[in-house]
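K.L.:
A predicted structure for the sequence below; I have some questions about it.
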Amino acid sequence: MITLLLLLEFVVWIGCLLHCQVNRQLSIFQPVSILLGYHFLFHLAKPFLWYYFDHNHAFEYMHFYPSEQDIANSILVSIVGLLTSYWAYVLFFRYDNDAIRARLASAIAIARISETTRAVILVVLALSFMAFVQRLRGYLGSDDGFQLVQDARTGNLGFSGGSGWWFELSSAYVFCGIYLWMTSGFSRAWTVIMVALGFLWLTVGQSRFVFVYWALTVAILVLVRSRLNLRKVLFFLPLVTILISAFVALGQNRAAVRDAIFGANSPTKVSEWKRESPFDTLDISTFEVQTAVVDTVPRLTNSYTYFTEHLRILTEPIPRALWSDKPFGDPIKMFEINRFVNLISLSTGWYGQGWLSYGILGLLSTCIIYAMLSSFALRILLKNGGPNAAFAYAVLIPLHLQWMRDGVLVSVLKFALFLTVPAIISALMASHLTRASRKYVPRRQASTTSTSHR
């Protein structure tokens, strides 16, 4: 049964892939390509590894041991989620690769900023770097008041001080570097600086996905300027190898790169399981979490979340200094799923969050609405045609990985805000300077007129 369902899912995925290629939408510039890549890795490869190679690390962590029927149900959910999301993108986002490249290339070619704007962005870079250092100290437990703690009620992780937004700002310094690199005309000096900032995050940072977003954003900007050829393939292969190796290594030890470079030894963290291979890691456990959610909700919980998790958009920005009892995670809990299965620190995924919301109807509506919102935002950026919009587009495409992994809208909104902050600052500065010049011109004309009358 599992073999037939996996074969069916693979056939459906191949069909979507071929249709995507026919529509000339199979590229790193397309959200639908991110969807297909993510689905293959996290919804096809994982059940395959579990069924044929007994990779059940995530299930052991969750204390959930699925039957073949549970896996079959989850595979069916994956198929429905893929088909719904894919055809929603086909309906709402119809730009082909050439159209996207042409719009982005023309905008990026004229990307320049004033010295004042550059100075402001450098200040933001410095502030975000301070947040990065403080966040790192909090992870290491050496900064009182800003340590990573666990909510006793929900089990969710968060920082003991602040709303968490200050710490999310920590990732902005990497993308300020990318923006300044782009607006410098991709100068060699800023290329070195931008690469150094990115690899600094890889070396001492705690979030691997920020490094992935950095690498993909840089790749998009490079490929926008000229088409992929053998020379670029040979150039990107070492980077891809480093990226994958670092991602896997950091999945087992977040300080692996730092330890390798500086020769330090981080404290060993005691785990209640044994990894059988690098594939046994919680960071690629979207399918396993989805399987547990489909089996548990609503059979054991007697309820769905009814989309209440999205209320975090309203509560998340509130500082903890103003709301001391603000819960980590969702403000309203219809049930506590950790009573039935351990999902602490795990992400539900795009499809799993839809099922949590309202079963199969929640899955269908979530996939359609998410694809529609994504398409709407990307269409607006492409139609704008400016350098800031082009930069935001290059950043938002990789962020779909975060969205599909977490499944909650507030997650991608929060990252999108901080990773596009240099473009937002530049747009606001340009708007302010334009308004100021418009006010200055009439005054100058009035002064000239008055002088001529005399």
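P.N.:
Yes, it's here. Residues are numbered from 1 along each chain as shown.

K.L.:
pull the longest helix from the protein.
P.N.:
helix 349-384 (DSSP state H).

K.L.:
From the chain's centroid, how far away is that helix?
P.N.:
Relative to its parent chain, helix 349-384 has a centroid offset of 14 Å by C-alpha atoms, centre = their mean, to the nearest Å.

K.L.:
Give the other helices and strands that it contacts.
P.N.:
helix 31-39, helix 68-92, helix 97-109, helix 286-296, helix 387-406 (3 or more C-beta pairs under 8 Å, 6 or more residues apart in numbering; DSSP states H and E). Yep, even glycine has a C-beta here, placed from its N, CA and C like the rest.

K.L.:
can you rerun that using 7 Å?
P.N.:
For helix 349-384, the packing partners by 3 or more C-beta pairs under 7 Å, 6 or more residues apart in numbering; DSSP states H and E come out as helix 68-92, helix 286-296, helix 387-406.

K.L.:
Among these, which comes closest to Lys46?
P.N.:
Closest of the helices and strands packed on helix 349-384 to Lys46 is helix 286-296, at 4.1 Å (criterion: C-beta to C-beta).

K.L.:
picking that back up, of the helices and strands packed on helix 349-384, which stretch is the most buried?
P.N.:
helix 286-296 (a mean of 26; mean count of other C-beta atoms under 10 Å).

K.L.:
buried sites along the helix or strand just after that one?
P.N.:
Downstream of helix 286-296, the next assigned helix or strand under DSSP states H and E is helix 312-315. For helix 312-315, burial by neighbour count (16 or more other C-beta atoms under 10 Å) applies to 312, 315.

K.L.:
re the thing from before, now the helices and strands packed on helix 349-384 as a markdown table including distance to Val204?
P.N.:
As requested, the helices and strands packed on helix 349-384 are exported to a markdown table (distance: least, C-beta to C-beta, whole Å):
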| stretch | distance to Val204 |
| --- | --- |
| helix 68-92 | 36 |
| helix 286-296 | 27 |
| helix 387-406 | 21 |
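
K.L.:
Any chance of JSON lines for those, columns mean pLDDT and distance to Ile369?
P.N.:
Listed next are the helices and strands packed on helix 349-384 as JSON lines, based on pLDDT from 0 to 100; distance: least, C-beta to C-beta, whole Å:
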{"stretch": "helix 68-92", "mean pLDDT": "97", "distance to Ile369": "9"}
{"stretch": "helix 286-296", "mean pLDDT": "96", "distance to Ile369": "18"}
{"stretch": "helix 387-406", "mean pLDDT": "95", "distance to Ile369": "12"}
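
K.L.:
between those, which gets nearest to Ser187?
P.N.:
So among those, helix 387-406 is nearest, using C-beta to C-beta, at 15.4 Å.

K.L.:
May I have that closest one as CSV, with CA atoms only?
P.N.:
Written as CSV, here are the backbone C-alpha positions of helix 387-406 (Å, rounded to 0.1, in the frame of the first residue of the first chain):
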residue,chain,number,x,y,z
PRO,A,387,15.4,48.2,-7.7
ASN,A,388,13.9,48.0,-4.2
ALA,A,389,11.1,45.8,-5.5
ALA,A,390,13.5,43.7,-7.4
PHE,A,391,15.6,43.1,-4.2
ALA,A,392,12.5,42.3,-2.2
TYR,A,393,11.5,39.7,-4.9
ALA,A,394,14.9,38.1,-4.8
VAL,A,395,14.6,37.8,-1.0
LEU,A,396,11.0,36.6,-0.8
ILE,A,397,11.5,33.7,-3.2
PRO,A,398,13.9,31.8,-0.8
LEU,A,399,11.7,32.8,2.1
HIS,A,400,9.0,30.4,0.7
LEU,A,401,11.2,27.7,2.2
GLN,A,402,10.5,29.2,5.7
TRP,A,403,6.8,29.5,4.9
MET,A,404,6.5,25.9,3.7
ARG,A,405,8.5,24.7,6.7
ASP,A,406,6.7,26.6,9.5
